[in-house]
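Visitor: Fold the stuff below for me.
(one chain, ligands or ions: 1)
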Amino acid sequence: MTSDPPSSTVNDPLFDSNHRIFSDKDLLKIGHVPEADRIVGRDEEISKLAKRLNGAVFGSSPENVMIYGKTGTGKSLVSRHVSQRAQNAAEDNIDIGTAYIDCAEDNTETQVISSLAAKLNDESATDISVPYTGLSTSKYYKLLWKTLDTQFDSTILILDEIDLMNNDSVLMKLSRAEEAGKIDCSIGVIAISNKIQYVDNLNERVKSSFQHKEIFFKPYDANQLREIMFNREDAFRDGVLTEDVIPLSAAFAAQEHGDARKAIDILRHAGEVAYEDEAERVHENHVRRAQQHAEKDRFRELVNGAPTQAKAALLALTELSLNSKDDVFLTGRIYDQYENICMELNMDSLSVRRFRDILKEQAFLGVVEIEKINKGSAGGIHLQNRLIEDPEVVRETILEDSRMQR
Ligand SMILES: Nc1ncnc2c1ncn2[C@@H]1O[C@H](COP(=O)(O)OP(=O)(O)OP(=O)(O)O)[C@@H](O)[C@H]1O
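Guide: Numbers count the residues shown, from 1 in each chain. Below is the predicted model:
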């Protein structure tokens with residue numbers, strides 16, 4: 001049954017505060033940390049992490065932890081959840097500080113340390129002011145040490161997407177600070193990555209000072225994804241979701257390595273599509289359209305992130321596709337077109353062999369499809385290439401890069 005929307009306090013009918021579809025859309029935000037009883041299938045990981053941080057709650061040192069797992073498997077969520085709980089559970093005379101840094105945003109040593117200092121500092125309690133920019137790295141370290149010393153007995157620092165940080169000595173300095181007598185506050189680092197070999201590639205000195213335990217997060221299966229979404233069903237008005245919506249969103253996300261972020265994104269987007277359609281309820285077809293949209297976004301991201309030479313190769317294939325009735329082309333023909341484009345763009349062209357490798361990389365990423373054809377004993381093996389996405393969309397995306405405009 002659909003519940004009546006609450007009465008509006010906005011007088012202008014242009015703005016619609018009585019959303020027909022959503023009642024609390026924030027529950028579907030990616031940064032949203034659900035309550036403990038809404039975290040599905042991660043009891044074991046939560047308890048393992050709690051064991052590692054246990055010391056902090058009783059005034060001794062938390063351990064460092066490295067968390068690995070594919071995207072959308074709940075690594076950030078569990079880390080935030082357990083550190084928040086440690087902070088709340090701390091004994092009366094123990095103060096625990098916690099901070100979360102996304103190294104995709106703060107990727108230099110100075111940015112990480114200044115952000116940590118700014119996030120942990122409570123100016124009214126410390127009288128310390130942390131300027132956003134303008135100080136040297138070593139000054140920011142000093143401010144961080146002072147902030148920690150003045151306020152906390154222990155600190156838990158979450159460094160998400162640590163592999164994107166361009167200077168791993170941060171890990172060494174944080175791990176050694178207490179031992180080196182710089183602070184009288186213990187530090188536990190939770191470093192998160194989806195690159196399983198991250199620690200192997202660290203510099204030996206960093207590796208030896210960043211002593212840590214590892215926790216692995218497995219992808220969710222379709223049942224868990226379903227449960228994660230059912231737990232957020234109250235983001236929608238009562239009765240708005242038809243019964244296939246959550247199972248279908250879960251099935252789509254399960255195909256993509258069990259990514260909860262993807263599942264929630266599809267669900268939210270399906271609601272938005274239904275709203276734009278002025279539908280009363282969210283149906284299966286809204287989920288399918290949301291999924292196609294997510295696919296397009298993913299595709300755009302792939303093409304946008306491609307190196308210039310790969311964009312030139314894709315542009316060549318795109319132009320052939322747009323100007324011909326065919327949609328498959330031999331590598332040699334695409335290469336000729338690619339050379340013309342390079343000339344017009346005043347760009348060096350690669351050898352045919354490297355060009356073939358680029359197309360193979362794009363096939364691996366799911367942008368191009370390559371088929372081998374055998375032209376008999378004299379003709380040998382040839383490769384036929386086809387763009388997977390609509391060439392108009394690909395062309396538009398490539399031309400967003402000003403270097404590709406002729
Ligand atoms: N077990 C779970 N129960 C409820 N919601 C979950 C669960 N796992 C993940 N989510 C939700 O899925 C989204 C993605 O989760 P999270 O950011 O923790 O994944 P991640 O593994 O850190 O991904 P990435 O590596 O891409 O940062 C968030 O909205 C989170 O709230």
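Visitor: Residue 143 reaches residue 127, doesn't it?
Guide: No - when contacts are counted by Cβ atoms under 8 Å, residue 143 is not listed as touching residue 127 (11.9 Å). C-beta: built from backbone N, CA, C; applies to glycine.
Visitor: Compare those two and say which one has the larger neighbour count.
Guide: residue 143 (23 against 8; other Cβ atoms under 10 Å).
Visitor: In stretch 383-402, which residues are buried?
Guide: Across stretch 383-402, burial judged by 16 or more other Cβ atoms under 10 Å covers 383, 384, 385, 387, 389, 391, 394, 395, 397, 398.
Visitor: Would you format those as a markdown table with distance to the ligand and pLDDT included?
Guide: Below are the buried residues of stretch 383-402 laid out as a markdown table (distance: Cβ to the nearest ligand atom, whole Å; pLDDT from 0 to 100):
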| residue | distance to the ligand | pLDDT |
| --- | --- | --- |
| 383 | 34 | 91 |
| 384 | 35 | 93 |
| 385 | 31 | 96 |
| 387 | 28 | 92 |
| 389 | 23 | 83 |
| 391 | 30 | 90 |
| 394 | 25 | 89 |
| 395 | 29 | 91 |
| 397 | 22 | 88 |
| 398 | 26 | 93 |
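Visitor: Count the neighbours of whatever residue of the stretch 51-200 of the chain ends up closest to the ligand for me.
Guide: In the stretch 51-200 of the chain, the residue that lies nearest the ligand is residue 74 (2.9 Å; Cβ to the nearest ligand atom). Residue 74 is flanked by 24 other residues according to other Cβ under 10 Å.
Visitor: Which residue is the nearest non-sequential neighbour of it?
Guide: Using Cβ to Cβ, 6 or more residues apart in numbering and skipping the chain neighbours, the partner closest in space to residue 74 is residue 42 (5.4 Å).
Visitor: Could you export the buried residues of stretch 383-402 to CSV, including columns for secondary structure and distance to residue 266?
Guide: Listed next are the buried residues of stretch 383-402 as CSV, based on DSSP: H, G, I helix; E, B strand; the rest coil; distance: Cβ to Cβ, whole Å:
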residue, secondary structure, distance to residue 266
383, strand, 34
384, strand, 33
385, strand, 30
387, strand, 24
389, coil, 18
391, helix, 26
394, helix, 23
395, helix, 27
397, helix, 21
398, helix, 26
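Visitor: Format those residues as a markdown table; extra columns: distance to residue 36.
Guide: Shown next, in a markdown table, are those (distance: Cβ to Cβ, whole Å):
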| residue | distance to residue 36 |
| --- | --- |
| 383 | 53 |
| 384 | 54 |
| 385 | 50 |
| 387 | 46 |
| 389 | 41 |
| 391 | 49 |
| 394 | 44 |
| 395 | 48 |
| 397 | 41 |
| 398 | 46 |
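Visitor: Out of those residues, which comes closest to residue 21?
Guide: Residue 21 has its nearest neighbour among the buried residues of stretch 383-402 in residue 389, at 28.8 Å by Cβ to Cβ.
Visitor: Can you give me every residue that contacts the closest one?
Guide: If you count contacts by Cβ atoms under 8 Å, 6 or more residues apart in numbering, residue 389 has them with 296, 299, 367.
Visitor: List buried residues within these.
Guide: Using 16+ other Cβ under 10 Å as the threshold, 299, 367 are the buried ones among these.
Visitor: Please list the members of the contacts of residue 389 that lie in helices.
Guide: Those of the contacts of residue 389 mapping onto helices are 296, 299, per DSSP state H.
Visitor: And the one residue in the stretch 101-250 of the chain that gets nearest to the ligand, how far from residue 318?
Guide: Using Cβ to the nearest ligand atom, the closest approach of the stretch 101-250 of the chain to the ligand is made by residue 228 at 4.3 Å. Taking Cβ to Cβ, to the nearest Å as the measure, residue 228 falls 38 Å from residue 318.
Visitor: So for the two, which residue has more residues nearby?
Guide: Using other Cβ under 10 Å, the more surrounded residue of residue 228 and residue 318 is residue 318, with 26 against 23.
Visitor: Check whether the more buried one really touches residue 395, as I assumed.
Guide: Yes - the pair residue 318 / residue 395 is scored as a contact, 4.8 Å apart, by Cβ under 8 Å.
Visitor: give the contact list for the closest residue to residue 186 other than its chain neighbours.
Guide: The shortest distance from residue 186 to any non-neighbouring residue, by Cβ to Cβ, 6+ apart, is to residue 61 (3.8 Å). By Cβ under 8 Å, 6+ apart, the contact set of residue 61 is 55, 154, 178, 186, 187, 188.
Visitor: Ranking by neighbours, what's the top pick from those residues?
Guide: Neighbour max across the contacts of residue 61 (other Cβ under 10 Å) = residue 154, 27 neighbours.
Visitor: And for that one, nearest residue in space, chain neighbours not counted?
Guide: residue 56 (4.0 Å).
Visitor: cool, and residue 86?
Guide: residue 53 (4.9 Å).
Visitor: List the contacts of the residue nearest the centre of the chain.
Guide: By Cα atoms, centre = their mean, the chain has its centre lying nearest to residue 71, at 6.3 Å. With contacts defined as Cβ under 8 Å, 6+ apart, residue 71 is in contact with 194, 257, 259, 261.
Visitor: In the residues you listed, which has the lowest confidence score?
Guide: Least confident of those in the model: residue 257, at 72.
Visitor: Now, the contacts of residue 71 that are in helices?
Guide: Going by DSSP H, the helices hold residue 261 from the contacts of residue 71.
Visitor: Quickly note the distance from residue 56 to residue 240.
Guide: 43 Å.
Visitor: Which one's more surrounded, the two?
Guide: Taking neighbours as other Cβ under 10 Å, residue 56 and residue 240 compare with residue 56 leading, 28 against 23.
Visitor: give me the element that one is part of.
Guide: helix 43-57 (DSSP states H and E).
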